[in-house]
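# Can you look at this prediction? I've put the sequence above it.
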Amino acid sequence: MNTTLDAQRVNTVTDPVIAQVVRSRLVAITDQMRLALQAVSGSPTVTEASDFFTGLYLPDGSFATMGHQVTFEAPPVGALIRHLLDSGRDLKDGDRIIGNDPFVGALHQNDLQMCAPLFVDGELVAWAGVMAHETDIGGMDFASWSPKAKEIWQEGLRIPAVKLVDRGELREDVLDMILEATRLPAQVGLDIRAFIATLNVAGERLTELCRRYGKNVVQTAMATMVDDSEATLRRRLLELPDGVVHTRDFLEHDGHSNELYVVDLVLTKQDDSLIFDFSGSSGQAAGFVNCSRAGLIGGVAGALIPTLGFGIPWNDGLLRPTEIVAPDGLICTALPPAPVGSATVETVWVVSNVVSAALNRLLAATPKFAHRAQAVNSGTMATFNLSGRNQFGEKFGLHLMDPLAGGFGAFMAHDGQDAAGPINTPCPSIADVEVNEQGTPLVYLYRRLAKDTGGAGRRRGGLGAEVALTISVNEAEALVMTHGAEVPNSAGLSGGLPGGVIRQSLAQGILHNSGQTAILAGALSGITEDAPGFENLGSKPGAFPLTSSDVFAVTWQGGGGMGDPLDRNPEELLEDIRRDVVSTAAARDTYGVVLTSSTSGRVTGWDETGTSQLRRALRAARLGKAPEMVKESCLELDSALPPAGLTTGESWLPLSDRLRAIQAVDETWRVETVDGAVLSNGSTRWREGAHAFALELPPRVGSTLHEKLTVTGWACPLTGSLLAVDIHEKASSPFHDLELNISAGSRAAELTFQA
Amino acid sequence: MTLETTSRAQLTGNETSTDLPDDTTGWAIGTDVGGTFTDLWLRAPSGKSFVCKSPTTADVVTGVINAVHLAAEIAGLSTENMCRRVSRFGHGTTVGLNALLTGRSARVGLVTTQGFGDVLEIGRLRRGTAGLNGLDLGDYFLRGRTAPLVPRNLVVEVTERVNPQGEIVTPLDLGSARRALETLRDEGVEAVAVCLLWATENASHEAAVAELVKEILPDAFVSVSHDIAPSVGEYARASTTAANAALGPVAGHYLVKLETELRTLGMEAPIMMTTNAGGVVPAATLTASPVKGLLSGPASCVVAGQSLGKTLNQPNVLTLDVGGTSFDVGVVVNGAPLLRDEVTFGGADMRVPSVDIASIGAGGGSIAAVTDGILTVGPRSAGATPGPVCYGKGGTEPTTTDADLVLGVLDPDSFGSGGIRLDVDAASRALEEKIGKPLGLNAQESARAVRELFDSAMADLLRSVTIERGHDPREFTLVAGGGSGPSHAWAMCRELGLDGFVVPATATAQSAFGAGTSDLRTTASRTGYIRLSPGLEPDETHALTLCAALEDARDRALAAIPDPESSTLQYTAAVRYRGQAHHLDVGLDAAPDAATLSKFLARFESEYELLFGKGAGFREAGFEILSVRATAALASAAPGASTAGEAFEFRGVRGVIFDDPAAPDTTTVYGCSWPAADQSVAGPCLIQLPGCVVVVPPGGTATTDAHGAIHVKVGN
């Protein structure tokens, strides 16, 4: 009975039902790969943090399925497969190839990747791929990323593409070579076994699927999945206005000196395609912060997939409408001998920041999607590694995943979530404090949300978290590095402020008495990183010994804010105060809300008149005017309501909270604020008419700004309402971030509201 | 999906009073409160049984009492007369679950160690994606929908610290605790959860805080983490403790009221509550730890399958329950349901031993749709309102029930027996319009497409709980329950290569049956951390650590068993390769020594390789043992055979589409409410039971046994 049915099915390659059943099975197989990997792996990066990738690939290396895993890891294994195909390697059934070369496809050497050509009846039907971050793969320093590195050869074992399993037989000699190169052979050994198990699961299940439905059906289904996602994304792109978006972000310190590096993006969106041009970025750095071209592709994919791929199956189709332009030798297209050890948390991450910032500017200018426009999520991941001998006397090395707990950027429609994680991690997870204390020498003094780190705005960015740590063994070696201690990478949107910056500090010897009792008794009585004895470590202190009398404290970035903080509903701010996520000082200085309190000092509410007056005064100060000299600002920001300066027959397109591009009856365009100030004519270069002023960021965000950076705020000249916040080099002026194509018949014109 | 729409009841079984002589005692009743119906199962010592349903009421208790009155009516006795004869009253309810879901739970304050008050806010970052599945996980705009169980302003911190060895590093500052609790008192909390770091290794600080709560908030319900969820990992422990505290006042009230009302009716039998771990415990036990009964309904369903397996002498059972909105699968291996330590509920990780139930959002009410040319079924559901299109209650989107109707599986006239006529034409039109048009199919082809996709999704889940865990599904007996399970099981058998399945007479009330029949069973766990660095063998010190943990777990497991002497005990320990996050629960001796521990590790390795393939083991990494679990059980009496039943009644012949939408098979339709033994019919045929239809495909056969169960062979 089955056979008859199956014979029917094989002949119906185009049967939509069979196609969907096969698609579902392919997704299920990918999930089974994930389960196999997570179950067997010994790396906390895999088991706890989902810092890995599993997927099935078309014969040409395009990924057809992926789990909801680290998005910037989507392209690398495909690059490894293409490398194998290009090199004409003889591949046999049962081969399993391992690699980690950043100049082939990996983001850095820690990204150990494996792929398997899957043959059915002698024909290459598909590939399976897996990749995970290994804590150590050798090199000059523990963790394979060293601020001291000047060349990639100092950063550990580099495997271009090597058969680890040859026709089903594990090559023990190759495995031995790899395990000899790492400082953590047990962990890497378990992971490589997990990789093999994962690829075997994929091979067995895919073969079954082909037997059940036929090779053609399976292959067609896989190819169609990719085509469909591409088509859906292209349709979605046609719904966005065309134009050019320019965004820029920075990272400080290359490991050797506190240089400032630029990642510059000019995004051209035309019809159903996107061109990302990074030509304006800095040249490659002397230290390990660079990324290779593989990293750049990963960084673009990392932000593009979640920002535009919502509701669409994630696969290579989402990357097809995209072209990346960047000459070799930039910080984001580094060439050997450039070291790239910390690429993922440095340049790759910053690439994702500018891509997110650019795409969200387009979403904000698309009425259908404006509600989901989002400020930048946790714009960095501050690394904390620790190695030495643990409390069990074993050699150990750990790569703390807690720094994922940065804040989410605010959405146009709601606040960003606290400690939600970065854009590249769809299902973030960190270990319990107890689990870390049980298996490692870490001792936590606190793990909590960090007040005032959420980017201020009408919608507030999510708070970042913070921890303070000491250790339960006498001494271990810490390796600490980040960017974003002097750069507020979690940029706001639409006049929202950036989220708080990284703060890393160390108090040496403050836990004087030997023994844990005294240590924690003293330390727990409300230690903070502002306490005496704490020294600010800046962004890249690198490796240093940590002892059981020291305390290391770090605060992670909050998410960017959305819209002018003075537009935040005071009731929502009051809830922030009640939850103690915003300080009363910030309520007054940043949000302009006058709180009322009881005699005991407890906040009871907010004062309407006082708040209105304070907000007006703060807006006036931006314009350098007396409060009575500025207009009361419009409080109704509904984008579907006609803006103040509209005349009959005109239509408008909201660009952000307070900016409206208006098309006149004669099809000329201008940009106005909702309060009626005309900022530009004939283009969306609205900064031409806005009021620029030196904006002072709140202390959590701006007190440690890099010496080469400054901040310019842009305000409505009539009301002083904040329209945008630009962080830029002192040596250069801010630029126009959004130039929509507003010619007659343009997409922008089609999107406008009519009164 | 069960299609009952009447306010009154679905009856099955031997409904006449003469079958149930009133001079017997030792009757058993099982009840289960679902969202729509309260199910009751009753069995007399003669082996005669029936099932009835009564609508669930807002206060829950009334619905249960109504079901009891209804059962008495069916039995032909006065309620008091029946209640006197009952010697076991089993009860399961989702009342706690619903309270938690709808925020009707108590106002809870949480006490944590200083510096860690954001344990629920940060939620291991897992709370943000809670409740999201499939494509929704890739939509960041949907994140963060679940609020923490306790809002930040009701979390207070106390100065104290214990280390992983259980040593007190910082003594509890009673002054800080007092101030913290006074804050909670001023906030008007009704319950207090206490979860301090490493309370699993040293409970004295939690105990001291609990004492202070009694003084400062004398009326508050208190939960302490070392008691509710004694395992390492503060997020799940705090969530479980907070959920328990939130449910405590609600559950306590409920159980007192239920017991009072049942006593008023003359019921003297103890009330036994079903638990997440499968099995029942005396109701009083759950008053203090209601979180242990949070998911008892689905667990009871698996236990019912386990019990049927025992009766049939089949140690390996797959239970499937296809309801209106979800498809739940349980796995019974060697006579015991697989358990898990943690479940995710209400956006939080809960650390309560639970029957391991895999679930997907696909059921009789699941909506089929075509988006961008892709057909999907679920997870959106039409629910009870508006329900499937064929109900004629305003539903416009076709569901799997509509597809089954168009395929001929459901009878428009007699299905549901509640007087509602199912509208085939409306279902056809909706399928053609919403599925057929975009895909170029007619109504019948569309219906087959929907069913095929629905079945394949369920088969994927069955695969993941069997093949992906190293079990061969062909070694299992498939027990099909729920409103749609018996009509789809044949297709799953095909997909997985099984030769057949079993439908119990209580198919649509399996949880009530489980509540009425399952063993008294308690589970307790205890931390016991042992780390074996690479190359080290277990020694006597390790054995002593485990023995101490086992003793504690055993004492706690036995505490709730009325007759500890007669109970059986089983032990497992959680073990993994050093550095892994996932562990296996492997059987352990009652008093292990170094030698038996070595054997234990060898067992772990062989089970591990069974799961992940030969050669996957990696002894070189070393081992970690995390905790132990003791399970105490007191077996309940085995169900007797039913002495009576009905013959299948011929109800007609109609076309049913199995494979070819253009060529329906001519299919005989039978009906019955409680099948008599030793019948045999050939497929293709349909057997209509109240609330469900058993589908026997062409080439298949169905036979019945002495317990009223229908055994279908699909003829693969």
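The structure has been received and is ready for your questions.
# check contacts around residue B:530.
Listed by CB atoms under 8 Å, 6 or more residues apart in numbering or on different chains, the contact partners of residue B:530 are B:538, B:542, B:545-546, B:623-625. C-beta: built from backbone N, CA, C; applies to glycine.
# change it to 10 Å
B:538-539, B:541-543, B:545-546, B:549, B:573, B:575, B:597, B:623-626 (CB atoms under 10 Å, 6 or more residues apart in numbering or on different chains).
# and of those, the nearest to residue A:676?
residue B:626 (65.8 Å; CB to CB).
# Help me confirm that that closest one is found in a strand?
Yes: judged by DSSP: H, G, I helix; E, B strand; the rest coil, residue B:626 forms part of a strand.
# Need the pLDDT of it.
We have a pLDDT of 94 for residue B:626.
# Go ahead and confirm it touches residue A:438.
Yes: using CB atoms under 10 Å, residue B:626 is in contact with residue A:438, at 8.8 Å.
# nearest spatial neighbour of whichever residue of the stretch 201-350 of chain B sits closest to chain A, skipping sequence neighbours?
In the stretch 201-350 of chain B, the residue that lies nearest chain A is residue B:233 (4.2 Å; CB to the nearest CB). Spatial nearest neighbour of residue B:233, excluding adjacent residues (CB to CB, 6 or more residues apart in numbering or on different chains): residue A:432 at 4.2 Å.
# ok, the one you found - contacts?
A:48, A:438, A:447, B:119, B:124, B:197, B:232-238, B:349.
# between those residues, which has the most around it?
Of all the contacts of residue A:432, the highest neighbour tally under other CB atoms under 10 Å in any protein chain shown goes to residue B:238, namely 33 neighbours.
# hang on, that one in a strand?
No: Residue B:238: not assigned to a strand; according to three-state DSSP it is helix.
# what's the pLDDT at it?
pLDDT, residue B:238: 98.
# The residue lying closest to it once chain neighbours are set aside: what's it in contact with?
What sits nearest to residue B:238 in space, not counting adjacent residues and going by CB to CB, 6+ apart, is residue B:195, at 4.0 Å. Counting by CB under 10 Å, 6+ apart, residue B:195 touches B:110-113, B:116, B:119-120, B:206, B:209, B:223-226, B:228-229, B:234-235, B:237-242, B:245.
# So which of the residues you listed are in strands?
B:110-113, B:223-224 (DSSP state E).
# filter those by proximity to chain A?
residue B:113 (CB under 10 Å from any CB of the partner chain).
# Of all pairs in the ones in strands among the contacts of residue B:195, which one spans the longest distance?
Maximum pairwise distance in these, criterion CB to CB, is 16.2 Å, between B:113 and B:223.
# Neighbour count for these two, which is higher?
The residue with more neighbours, out of residue B:113 and residue B:223, is residue B:223; 29 against 26, by other CB under 10 Å.
# and the more buried one, bridged to which residues?
Per DSSP bridges, residues listed as beta-bridge partners of residue B:223: residue B:193.
# shouldn't it be in contact with residue B:108?
Yes: judged on CB under 10 Å, residue B:223 makes contact with residue B:108 at a distance of 8.7 Å.
# list residues touching both of these two?
Residues touching both residue B:223 and residue B:108 (CB under 10 Å, 6+ apart) are B:191-193, B:241-248.
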